[in-house]
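[1] what follows is a predicted structure for the sequence shown.
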Amino acid sequence: MKHTYHIQGMTCNGCRTHVEETLSKIEGVRNASVDLEKAEAIIEMEHHIDVNTLQKSLPDKYSISERPMITMAETRMETKSKLEQLRPLFLILGYITVASILLNYNRPNWEGAMLDFMGLFYIVFSFFKMLDLKGFPDSFRMYDPLAKAVPFYAWVYPFIETILGVLFLMRLYVPFALIATLVVLGITTIGVTRTLLDKKSIQCACLGTALKLPMTEATFIENTIMIVMAISMLIGL
């Protein structure tokens, strides 16, 4: 028999490995598989093992509980909760859009507005990442393919965004900044897409760790908007 449990307290792959090995050693457990991103454990048992027994085998920092059945009402509440959590993201994007329009409303074309939008996007988003430079890399590595393969990339990513933001706002090396945007956000979007398709419930690091945002389609859309802007501007150069 297989049972799925929720695990709290895991912060890294070392925690995941430790929990998995500990649960696997419990008498009556055939196999234990722990998923860090979903914060869950799937345990195959020879016979039923109560949660208290599982909890006693784990260190105090970890908490294990059975996955509850989710009702339709709870699903609607969860959807509403996600929208409330995403409110800061929508507000920030709204302010950036309005600011870009106001800065360019009397110009003959909207190329400047697009550059300002991209510049402000990078500056604002990098600012929130800078608020917790120690915590951001761990969250970012949860879904970004390059950050997973090259941990150092996760540490420098906020600074890359800051540099790109300055380049767009100052109109410096714009073609380079556009190409860099396609590469940087393209890689991240691949990871976001995989996460959404796998229906993994993890925190989005787009605004760092200061604001607890869930990974949703909104993250995919914001990256796609930037990628489309970059492509359209490269074509027009």
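    Cool, the structure landed. Numbering: from 1, shown residues only.

[2] mind checking what helix or strand follows the helix-or-strand element of the chain with minimal mean pLDDT in sequence?
    Here the helix or strand of the chain ranked lowest by mean pLDDT, DSSP states H and E is helix 72-85, holding a mean of 56. Sequence-wise, the next helix or strand downstream of helix 72-85 (DSSP states H and E) is helix 87-104.

[3] so for that next one, what gets flagged as buried?
    Under the neighbour-count criterion of 16 or more other Cβ atoms under 10 Å, helix 87-104 has 89, 92, 93, 96, 100, 103, 104 buried. Just so you know, the C-beta spots here come from the backbone N, C-alpha and C atoms, and that holds for glycine as well.

[4] please, where are all the helices along the protein?
    13-24, 51-57, 72-85, 87-104, 111-130, 136-140, 145-149, 151-170, 174-197, 217-236 (DSSP state H).

[5] what helices or strands is the first one leaning on?
    Counting contacts by 3 or more Cβ pairs under 8 Å, 6 or more residues apart in numbering; DSSP states H and E, the secondary-structure elements packed against helix 13-24 are strand 29-35, strand 40-45, helix 51-57.

[6] low-confidence stretches in the protein?
    Counting by pLDDT under 70, the chain has low-confidence residues at 67-82, 201.

[7] residue contacts, the residue sitting nearest the centre point of it?
    The centre of the chain sits closest to residue 204, judged by Cα atoms, centre = their mean, with a distance of 2.4 Å. The contact partners of residue 204, taken as Cβ atoms under 8 Å, 6 or more residues apart in numbering, are 139, 213, 214, 215, 216, 219.

[8] and those as JSON lines, adding distance to residue 53 and neighbour count?
    Output for the contacts of residue 204, formatted as JSON lines (distance: Cβ to Cβ, whole Å; neighbours: other Cβ atoms under 10 Å):
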{"residue": "139", "distance to residue 53": "32", "neighbour count": "22"}
{"residue": "213", "distance to residue 53": "36", "neighbour count": "23"}
{"residue": "214", "distance to residue 53": "32", "neighbour count": "16"}
{"residue": "215", "distance to residue 53": "33", "neighbour count": "23"}
{"residue": "216", "distance to residue 53": "36", "neighbour count": "18"}
{"residue": "219", "distance to residue 53": "39", "neighbour count": "25"}
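
[9] what's the farthest-apart pair in those?
    139 and 216 (14.9 Å; Cβ to Cβ).

[10] how close does the nearest residue to residue 99 once chain neighbours are set aside sit to residue 101?
    In space, and not counting its chain neighbours, residue 99 is closest to residue 120: 6.1 Å by Cβ to Cβ, 6 or more residues apart in numbering. To residue 101, residue 120 is 11 Å away according to Cβ to Cβ, to the nearest Å.

[11] including distance to residue 233, could the buried residues of helix 87-104 go into JSON lines?
    Shown next, in JSON lines, are the buried residues of helix 87-104 (distance: Cβ to Cβ, whole Å):
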{"residue": "89", "distance to residue 233": "24"}
{"residue": "92", "distance to residue 233": "22"}
{"residue": "93", "distance to residue 233": "19"}
{"residue": "96", "distance to residue 233": "17"}
{"residue": "100", "distance to residue 233": "14"}
{"residue": "103", "distance to residue 233": "17"}
{"residue": "104", "distance to residue 233": "14"}
